[in-house]
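1. Okay, here's the prediction I keep looking at, along with the sequence it came from:
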Amino acid sequence: MSKDNHKQRESSSAVDFSYRLNETGEYREAWRIFRIMAEFVEGYQFLRQFEKEVTILGSARLAQGSKYYNIAYELGKLLGANGYATITGGGPSIMEAANKGATESGGESVGLNIQLPFEQRINPYVKKSTAFYYFFTRKVMLTSPAHGFVFFPGGYGTMDEFFEVADMIELGKMHKMPVVLVGGEYWRPLMKFMEEQCAGYGCIPSDETSKWHLVETAQEAFEIIQTNKPDPHFCELHPNNFHCEKNLDWKIFRIMAELVEGFEFLTGLVEDVTVLGTKSIKPDSPYYLAAYHLGRRLAEEKFTVVTGGASGVAEAANKGALEVGGKSLGIGMEVNKKARINPYVTKSIIFRYPFTRKVIVTAPSKAFVCFPGGLGTMHHFFEVLTLIETKKMQKVPVLLYDKKYWQPLKDVIDELFVKKFKTIGPADAEIFQIVDDEEEMVRIIKEFRK
């Protein structure tokens with residue numbers, strides 16, 4: 001198969017620069033910004049050649065000829081035969097199956113590959129491809145297509161991509177489109193967690209999971225995709241609408257400005273901890289009180305507390321840090337042209353684009369603490385796990401607060417990801433830990449600091 005526009009990039013480090021911990025807190029090297037922007041420009045230019053794009057995501061570890069491999073192959077054939085462009089991560093297993101089906105039916109078969117410390121080769125059924133060094137630029141491109149997303153069983157990377165798409169649709173940062181989940185045996189336990197825990201605790205709307213389409217066959221998935229009619233006036237992320245501001249690529253300059261300002265904001269930070277969680281909890285909630293106490297204790301130990309800057313968990317952690325004279329940072333995002341920063345931050349910054357904000361939230365941290373949360377918290381959590389698993393990020397403490405809330409998710413990971421589908425290794429299930437006590441979290445983070 002020919003590989004048009006296939007790019008190989010040198011690997012300067014096993015760790016993605018934007019998530020590398022350093023001793024000086026310096027994030028301003030110009031080459032970093034230019035390399036990121038080059039990937040954005042090249043990625044959008046590459047995607048502009050396609051129409052009716054559908055992204056198919058899933059595990060790189062499921063065996064060829066397995067049930068889900070065959071469904072992905074059939075779906076790729078249906079898409080190709082009906083004029084859709086099939087976009088995958090370009091790797092093996094589910095990705096290979098979908099690309100194979102698309103190629104054999106004469107359709108566009110596209111791969112957006114990632115350069116990993118352990119090399120991931122493009123599968124032989126990709127007809128057009130490009131490669132990325134940075135996970136977040138690749139994910140922006142994978143989440144740009146306008147006609148739908150199909151998620152097969154997978155591991156941390158699939159969860160990261162799924163929750164990013166679901167989160168951006170909920171925030172209005174992506175136009176509404178079909179989100180199709182293939183395989184009830186895999187997705188129902190996760191949906192149960194979302195319904196009973198996330199919705200049950202008020203972290204997501206009670207009807208959120210009803211917006212996702214659970215199917216068992218390629219034909220069902222294809223029929224759902226066919227119903228979508230993209231909004232031609234939507235101008236947030238989709239590459240085909242990238243010229244929507246007076247025919248100039250002003251978004252490229254805005255993305256670049258946000259990254260420059262973001263890295264400037266981070267410069268000087270060395271000892272800091274990111275605290276994530278729902279904005280929905282009230283000051284009388286036990287979670288609010290726990291986040292407040294954690295923020296206070298982190299500040300007493302001379303850690304800078306970094307949050308999303310909004311209400312709920314973020315407000316509580318910022319308040320605790322501020323009241324003992326600590327550094328209390330808020331990294332917020334504009335939603336519906338509004339942004340709210342709680343009154344307890346000592347320094348803040350606002351982003352328009354969720355992917356630039358996410359880089360800045362994640363870049364400096366010595367640890368991540370996740371309180372109960374919804375789509376945004378789940379998205380950040382699985383992204384950190386993916387970066388650590390793929391060695392794009394140094395291993396740091398990833399702590400989940402409250403066993404009662406998080407244990408059902410840990411059970412899903414152990415039973416489905418590790419044992420049944422084998423989409424992650426047993427060691428990867430131990431990247432994070434559940435902790436019920438704020439003092440224990442501080443002890444773990446201090447131990448890592450040593």
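-> Cool, the structure landed. Numbers count the residues shown, from 1 in each chain.
2. In three-state terms, how would Val54 be classified?
-> Put simply, Val54 is strand when judged by DSSP: H, G, I helix; E, B strand; the rest coil.
3. can you tell me how far Phe382 sits from Ala299?
-> Noted for Phe382: a distance of 28 Å to Ala299, by C-beta to C-beta, to the nearest Å. All C-beta spots, glycine's among them, are computed from the backbone N, C-alpha and C.
4. hang on, I meant Gly425
-> 37 Å.
5. Neighbour count: the two, which is higher?
-> Ala299 (23 against 13; other C-beta atoms under 10 Å).
6. Quick check: closest non-adjacent residue to the more buried one.
-> Of all residues not flanking Ala299 in the chain, Gly326 sits nearest, at 2.4 Å (C-beta to C-beta, 6 or more residues apart in numbering).
7. ok, now how distant is the one you found from Glu440?
-> Taking C-beta to C-beta, one finds Gly326 at 20 Å from Glu440.
8. quick one: low-confidence parts of the stretch 151-300 of the chain?
-> 230-250 (pLDDT under 70).
9. Could you rerun that using 50?
-> 236-248 (pLDDT under 50).
10. Please enumerate the strands of it.
-> Here the stretch 151-300 of the chain has its strands, by DSSP state E, counting those that start in this stretch, at 179-182, 213-215, 272-276.
11. Output those strands as CSV; include the columns distance to Val396 and mean neighbour count.
-> Below are the strands of the stretch 151-300 of the chain laid out as CSV (distance: least, C-beta to C-beta, whole Å; neighbours: other C-beta atoms under 10 Å):
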stretch, distance to Val396, mean neighbour count
strand 179-182, 30, 22
strand 213-215, 34, 18
strand 272-276, 9, 26
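12. Throw these into TSV and include distance to Leu409, thanks.
-> Listed next are the strands of the stretch 151-300 of the chain as TSV, based on distance: least, C-beta to C-beta, whole Å:
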stretch	distance to Leu409
strand 179-182	17
strand 213-215	18
strand 272-276	14
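13. Tell me the spacing between the residue nearest to Gln226 when sequence neighbours are not counted and Ile71.
-> In space, and not counting its chain neighbours, Gln226 is closest to Asn82: 7.8 Å by C-beta to C-beta, 6+ apart. According to C-beta to C-beta, Asn82 stands 17 Å off from Ile71.
14. before we move on, what about Thr362?
-> Counting by C-beta to C-beta, the gap from Thr362 to Ile71 is 33 Å.
15. more crowded one of those two?
-> Ile71 (26 against 21).
16. So that one is in contact with Thr217, correct?
-> Yes - the criterion here is C-beta atoms under 8 Å, and Ile71 meets it with Thr217 at 6.6 Å.
17. Helices of this protein, start to end?
-> 30-47, 67-81, 94-104, 135-142, 156-171, 184-193, 218-226, 250-266, 286-300, 313-323, 354-362, 375-389, 403-412, 438-449 (DSSP state H).
18. May I see the ones you listed organised as JSON lines, with distance to Gly58 added?
-> Putting these into JSON lines (distance: least, C-beta to C-beta, whole Å) gives the following:
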{"stretch": "helix 30-47", "distance to Gly58": "20"}
{"stretch": "helix 67-81", "distance to Gly58": "7"}
{"stretch": "helix 94-104", "distance to Gly58": "3"}
{"stretch": "helix 135-142", "distance to Gly58": "12"}
{"stretch": "helix 156-171", "distance to Gly58": "6"}
{"stretch": "helix 184-193", "distance to Gly58": "10"}
{"stretch": "helix 218-226", "distance to Gly58": "12"}
{"stretch": "helix 250-266", "distance to Gly58": "28"}
{"stretch": "helix 286-300", "distance to Gly58": "33"}
{"stretch": "helix 313-323", "distance to Gly58": "31"}
{"stretch": "helix 354-362", "distance to Gly58": "22"}
{"stretch": "helix 375-389", "distance to Gly58": "14"}
{"stretch": "helix 403-412", "distance to Gly58": "16"}
{"stretch": "helix 438-449", "distance to Gly58": "33"}
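19. Out of those, which gets nearest to Leu112?
-> Proximity to Leu112, assessed across these by C-beta to C-beta, is greatest for helix 135-142 (5.3 Å).
20. what helices or strands is the closest one leaning on?
-> If contacts are counted by 3 or more C-beta pairs under 8 Å, 6 or more residues apart in numbering; DSSP states H and E, helix 135-142 sits against helix 30-47, strand 108-114, helix 156-171, helix 354-362, helix 375-389.
21. Rebuild these as JSON lines, extending it with distance to Val412.
-> Formatted as JSON lines, the helices and strands packed on helix 135-142 follow (distance: least, C-beta to C-beta, whole Å):
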{"stretch": "helix 30-47", "distance to Val412": "32"}
{"stretch": "strand 108-114", "distance to Val412": "25"}
{"stretch": "helix 156-171", "distance to Val412": "10"}
{"stretch": "helix 354-362", "distance to Val412": "23"}
{"stretch": "helix 375-389", "distance to Val412": "12"}
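22. what's near enough to touch the nearest residue to Phe371 once chain neighbours are set aside?
-> Spatial nearest neighbour of Phe371, chain neighbours left out: Gly277 (3.0 Å); criterion: C-beta to C-beta, 6+ apart. The neighbourhood of Gly277, defined by C-beta atoms under 8 Å, 6 or more residues apart in numbering, consists of 287, 291, 312-314, 370-373, 377, 401.
23. Share the number of residues neighbouring the nearest residue to His293 once chain neighbours are set aside, please.
-> Counting by C-beta to C-beta, 6+ apart, Glu438 is the residue found nearest to His293 once chain neighbours are left out, at 5.0 Å. Per other C-beta under 10 Å, the neighbour tally for Glu438 reads 21.
24. Over to the one 3 residues further on?
-> By other C-beta under 10 Å, 24 other residues sit near Met441.
25. coming back round to it: of all the helices and strands packed on helix 135-142, which one is nearest Gly89?
-> strand 108-114 (6.0 Å).
26. which strands and helices sit next to that closest one?
-> helix 67-81, strand 85-88, helix 94-104, strand 128-132, helix 135-142.
27. Just checking: what are the partner strands of that strand?
-> strand 85-88 (parallel), strand 128-132 (parallel) (DSSP bridges).
28. what's the angle between that strand and helix 30-47?
-> Using axes from the mean of the first three to the mean of the last three C-alpha atoms, to 10 degrees, the inter-axis angle of strand 108-114 relative to helix 30-47 is 170 degrees.
29. I appreciate the help and will end here.
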